[in-house]
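S.K.: Sequence and predicted model, in that order:
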Amino acid sequence: MSDDMLSQDEIDALLRGSAEPEEEIAARKEIKMSDYISSIEEDALGEIGNISFGSSATALSTLLNQKVEITTPKVTIINKNYLEEEFPHPYVAIQVQYTEGFSGVNLLVIKQSDASIIADLMLGGDGRNPSGDLGEIQLSAVQEAMNQMMGSAATSMSTVFSKKVDISPPSIDLMYIPQGEGEENIPEQDLLVKVSFSLKIGDLIDSNIMQLLPLSFARSLVDELMNGGATKEVAATSAPSMEAPKADPEPAYSGNVESTNTSHQSNPQHLGGQSGHSEPVHVQPATFSSFEPAALGQQESKNLNMLLDIPLQVTVELGRTNRSVRDILELSSGSIIELDKLAGEPVDILVNSQLMAKGEVVVIDENFGVRITDIVSQSDRIKKLK
């Protein structure tokens, strides 16, 4: 090949009307993680995401009544200027703001086709023929699913970081970067950390769900996790020893457990309050979260009003019976099928195939109607589900 021939990158640059330096061409490619965070910090971010979304998978599985699998995440750093290459298809973006424990924003991104399936499952469908368009009701259903997921993730983060972590109700919007749609929801920082999870929901979805964090916020999470753990370790090491001093102390956790127990049993006076070297123990009362019903904010009330408009299928069941295939084949016009209900017995009223009430059939202006006579108790409804 002649040295005078142009490379493909140089040809592309000339077609764009300017000769781009190799540095700018390389900037379009994936940024090296090692240039911004260490391998230990990358593993820490992956572990935070793994723990958080592990519990989110359980919450989503319960909500959708489907098996949900979220695998170990992949952590990368992307440049905001090249988001179009990262997200070329229509997506749904769910923005979550931390209100307690941390100060930052978290953006969940899923494909619009996956969001349609989740919305269909949330609204009582089977997820196999979802609507292609996401209307207000469908977006509200997806928003509620993501709210449950992130609420469960915040609870897991509270355990990991040993402090209360809370989030605001998430906001949801459509995002299509090539057309400039939804860009206002993306964090303003130039460098973003993308944590990508493989998401599987039954046999309906085999895709990805992505988490976008500003690089500064991701670093603060890692710093909180690593420094918090170091602080606890130092505090445990500097605590006063209960055993008698030794001439040649051994490293922490390297002693024989059995001999240590024997030492404690043979010297009970070291555990008593008579020792002049013992320090007072400061006991603080345990604090518990309030179980009082919280007042709904304006955004939460709006979300609840949206859910109130979700249509439900109401069915009135006169009765049931079992027949063999032979009996069914012998049916003809005028045949009578005897049901398991007695004459005058209340009929069943089902909402989305679940028994909710009983009533009696009435006629209103030449139309049949049902007058509700009894609402099924919660315990009876649970028995019906078994």
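M.R.: Looks like it arrived, so ask away.

S.K.: who's in contact with the residue nearest to Lys80 when sequence neighbours are not counted?
M.R.: Distance criterion Cβ to Cβ, 6 or more residues apart in numbering; nearest residue to Lys80, sequence neighbours excluded, is Asp190 at 5.1 Å. C-betas here are computed from N, CA, C, even on glycine. Contacts for Asp190 (Cβ atoms under 8 Å, 6 or more residues apart in numbering) come out as Asn79, Lys80, Asn81.

S.K.: Okay, now the unreliable bits of the stretch 101-250 of the chain?
M.R.: 228-250 (pLDDT under 70).

S.K.: cutoff 80 now
M.R.: Across the stretch 101-250 of the chain, the ranges flagged by pLDDT under 80 are 131-133, 227-250.

S.K.: before we move on, the earlier item: same list, the contacts of Asp190, but as TSV with neighbour count please.
M.R.: As requested, the contacts of Asp190 are arranged in TSV below (neighbours: other Cβ atoms under 10 Å):
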residue	neighbour count
Asn79	16
Lys80	16
Asn81	10
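
S.K.: which of those lies closest to Ser103?
M.R.: Set against Ser103, the nearest of the contacts of Asp190 by Cβ to Cβ is Lys80 (20.1 Å).

S.K.: That closest one contacts Val193, correct?
M.R.: No - using Cβ atoms under 8 Å, Lys80 is not in contact with Val193; the gap is 11.5 Å.

S.K.: Count the neighbours of Thr76 for me.
M.R.: For Thr76, the count of nearby residues is 17 (other Cβ atoms under 10 Å).

S.K.: so which helix or strand takes in it?
M.R.: Per DSSP states H and E: Thr76 is located in strand 74-79.

S.K.: Equivalent analysis for Val109, please.
M.R.: strand 105-111.

S.K.: quick one: strands adjacent to that strand?
M.R.: Strand pairing for strand 105-111, using DSSP bridges, gives strand 91-100 (antiparallel), strand 205-214 (antiparallel).

S.K.: and that strand, which residues are buried?
M.R.: Within strand 105-111, the residues scored as buried using 16 or more other Cβ atoms under 10 Å are Val105, Asn106, Leu107, Leu108, Val109, Ile110, Lys111.

S.K.: And for the helix or strand following that strand, what's in contact with it?
M.R.: As assigned by DSSP H and E, the chain's next helix or strand after strand 105-111 is helix 112-122. Helix 112-122 is contacted from outside by 63-66, 89-92, 110, 126-127, 129-132, 134, 137-139, 141-142, 144-145, 174, 199, 201, 204-205, 207, 209, using Cβ under 8 Å, 6+ apart.

S.K.: just the buried members of these?
M.R.: Here, 16+ other Cβ under 10 Å leaves 63-64, 66, 90-92, 110, 127, 130, 134, 137-139, 141-142, 144-145, 199, 201, 204-205, 209 buried among these.

S.K.: re earlier: which one of the strands paired with strand 105-111 lies nearest to Pro170?
M.R.: strand 91-100 (4.8 Å).

S.K.: Give me the mean pLDDT for the closest one.
M.R.: What strand 91-100 shows for mean pLDDT is 89.

S.K.: What separation do you get for Glu317 and Lys358?
M.R.: In this view, Glu317 and Lys358 are 10 Å apart by Cβ to Cβ, to the nearest Å.

S.K.: Need the residues touching each of these two.
M.R.: Jointly contacting Glu317 and Lys358 under the rule Cβ under 8 Å, 6+ apart are Val347, Asp348, Ile349.

S.K.: Strands - which of these land there?
M.R.: Using DSSP state E, the subset of the shared contacts of Glu317 and Lys358 located in strands is Val347, Asp348, Ile349.

S.K.: of all these, which comes closest to Pro169?
M.R.: Closest to Pro169, out of all of those and judged by Cβ to Cβ, is Ile349, at 33.1 Å.

S.K.: Who does that closest one form a beta bridge with?
M.R.: Listed by DSSP bridges, the beta-bridge partners for Ile349 are Val316, Ala357.

S.K.: ok, it - contacts?
M.R.: Contacts for Ile349 (Cβ under 8 Å, 6+ apart) come out as Val314, Thr315, Val316, Glu317, Leu355, Met356, Ala357, Lys358, Gly359, Val370, Ile372.

S.K.: Next one, pLDDT for it please.
M.R.: 89.

S.K.: Please report how far it lies from Leu331.
M.R.: 27 Å.

S.K.: for Lys341, same thing?
M.R.: Look at Lys341 and Leu331: by Cβ to Cβ, they are 20 Å apart.

S.K.: go on, Glu84?
M.R.: 62 Å.

S.K.: between the buried residues of strand 105-111, which is closest to Phe161?
M.R.: Asn106 (14.5 Å).

S.K.: on that earlier part again, mind checking which of Glu317 and Lys358 has more residues around it?
M.R.: Between Glu317 and Lys358, counting by other Cβ under 10 Å, Lys358 is the more crowded of the two (16 against 13).

S.K.: Spatially nearest residue to that one (excluding sequence neighbours)?
M.R.: Pro346 (4.0 Å).

S.K.: ok, that neighbour - contacts?
M.R.: Going by Cβ under 8 Å, 6+ apart, Pro346 touches Lys358, Gly359, Glu360, Thr373, Asp374.

S.K.: Strands - which of those residues land there?
M.R.: Members of the contacts of Pro346 lying in strands (criterion: DSSP E): Lys358, Gly359, Glu360, Thr373, Asp374.
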